[in-house]
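Novice: Structure for this input, please:
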Amino acid sequence: MSDAPASWPPCFFTAGHGTAPVIGGVTHQLYRGASQPPQPTVAAYALAALLAAVLAAAWPMRVPTVLLLPLKEAEAGISPQCTRSMELHLIRHAQGTHNLAEEDAHASGSHRAHQEHTHLFEEHGKAWVLLEKVSGRTHWDAPLTDEGWRQAVRLRREIETSDQSFDLVVASPMRRTLQTALAALPQLSSGGVRALPPAQPHNRSSDGSVGSSDTDAPAAAAATEAAATMAGATVDVFGAMRIDHSAGAPYAFDGPATVPIIVSDLLRERVGHCTCDRRLPVSELRRLGFGGAEIAAEPPHIDFDQSQVEEHDPMPVEAGHSEGHVMAERATRAALWLLTLQPPPGGCALGSVAGRCRVAVVSHQHLLLAMTSALGGATTGTTDAGGWHRRFSNAERRAYLLCEAAPNTASPWRTWLKSYL
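Specialist: Residues are numbered from 1 along each chain as shown. Next up is the predicted model:
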């Protein structure tokens, strides 16, 4: 950024911290030709402080604080005054094919069979098996396993038992999150869910649709053979991309849906080097979002427009030394975006407080952890007991209050003053 000597105080040359960089930059320009640029004096610090104070008085900025509070604490009155709020039910997707592959490879220690795999394991941990050079694109935008569908339906039973409904349903635009939402949230298939007979053969076509055959024995045998063939096959869906369609739903879902699914890339998993972190193009998601599921009525509408989801995956790789900061920043943007969502036409009526929206958010491990950690406003001090930093299990749901607290009168100029002087 600057060619200032290392001995000069960094606050005089650090971009983005208010007034000091301006003063430092001007000072350095004045003495650029000097063999020994002078050390900043007390007068220079005083001038910076004076200018910061003038700016703070002239342009005070009210900075809002976004917090995520355990719903039980919020309902008990342990929460700040909120200018905007919503009740969030954070749900991690059910088991995907990538989760199963990762667990199986780790349990078997298969990385020890090849030296290259051992090196990949040392670099990427148990996710090594999800790298494209190891498993190709088998787990690209991974769908649910059969067990994943069952996990999601068990969550559905839990939600039905608690008699809870949601004003809005929001999800990451990945197949495993869309499939989890369909199976777990009763409002997306209000007609109910039916377990399909185990003996019923499923013919999965390349568009993800499911059919069954109850015709004569030869036809049934042919259908069974076709289903068995498909179970271990991949199908071409987007150019050279090959997607595994081995996982199908052991359930049928009856409509209609009473709410749409609003999706946003902000809710995606941390994007690493594994193929499961990459999503399909929007056109394919519209076609395969519920691939493998039998839906007896029109499937739920997937709204890609409210967050302007791009056709092709725009996300850069986020894994690395700064991923904690990157994920915290994205989680904060996701929370602010959630607070801007428009209520349904009839308004919000399902939250624990009148007029407050109850929102189901179906997302991923790293994003949910980033959200609860970066925005965690637990007041009890028992973060682990409250589940703040505990990993989400597949198909686990936790309830929180998302609160935009009343803005304070802190100014970024005053913040700079406290930081550097």
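
Novice: Confidence-wise, which helix or strand of this protein is lowest on average?
Specialist: Within the chain, no helix or strand scores below strand 234-238, which has a mean of 30 by mean pLDDT, DSSP states H and E.

Novice: And the pLDDT for the closest residue to S363 other than its chain neighbours?
Specialist: Spatial nearest neighbour of S363, chain neighbours left out: L267 (4.5 Å); criterion: CB to CB, 6 or more residues apart in numbering. All C-beta spots, glycine's among them, are computed from the backbone N, C-alpha and C. At L267, the pLDDT value in this model is 97.

Novice: For L267, give me its contacts.
Specialist: Neighbouring residues of L267 by CB atoms under 8 Å, 6 or more residues apart in numbering: V170, A171, S172, P173, T177, A334, V361, V362, S363, H364, L367.

Novice: same thing with A252?
Specialist: Contacts for A252 (CB under 8 Å, 6+ apart) come out as V193, R194, L196, A293, E294, I295, A296.

Novice: what about the fifth one, neighbour count?
Specialist: This points to E294. Residues contacting E294 under the criterion other CB atoms under 10 Å number 20.

Novice: beta partners of it?
Specialist: Residues in a beta bridge with E294, per DSSP bridges, are A252.

Novice: pLDDT score for it?
Specialist: With respect to pLDDT, E294 has a value of 88.

Novice: That one is in contact with F253, isn't it?
Specialist: Yes. E294 is in contact with F253 according to CB atoms under 8 Å; the separation is 7.0 Å.

Novice: Can you classify H312 by secondary structure?
Specialist: Secondary structure assignment for H312 (DSSP: H, G, I helix; E, B strand; the rest coil): coil.

Novice: Cross the contacts of L267 against helices and list the overlap.
Specialist: In this view, those that belong to helices under DSSP state H are T177, A334, L367.

Novice: okay, now the second one: neighbour count?
Specialist: Pointing back at A334 there. When counting by other CB under 10 Å, one arrives at 24 neighbours for A334.

Novice: do the last one as well
Specialist: For L367, the count of nearby residues is 23 (other CB under 10 Å).

Novice: what's near enough to touch it?
Specialist: S172, L267, R268, E269, R270, M327, R330, A331, A334.

Novice: did I read that right, the fourth one in a strand?
Specialist: No. Secondary structure assignment (three-state DSSP) places E269 in coil, not in a strand.

Novice: Correct me if wrong: it contacts M174.
Specialist: Yes. If you go by CB under 8 Å, E269 and M174 touch, sitting 7.3 Å apart.

Novice: Report the set of residues contacting both of those two.
Specialist: By CB under 8 Å, 6+ apart, E269 and M174 have these common neighbours: H364.

Novice: Compare those two (neighbour count), which wins?
Specialist: Neighbours per residue (other CB under 10 Å) separate E269 from M174, with M174 holding more: 29 against 24.

Novice: which one is the more buried one nearest to, not counting chain neighbours?
Specialist: Spatial nearest neighbour of M174, excluding adjacent residues (CB to CB, 6+ apart): R279 at 5.3 Å.
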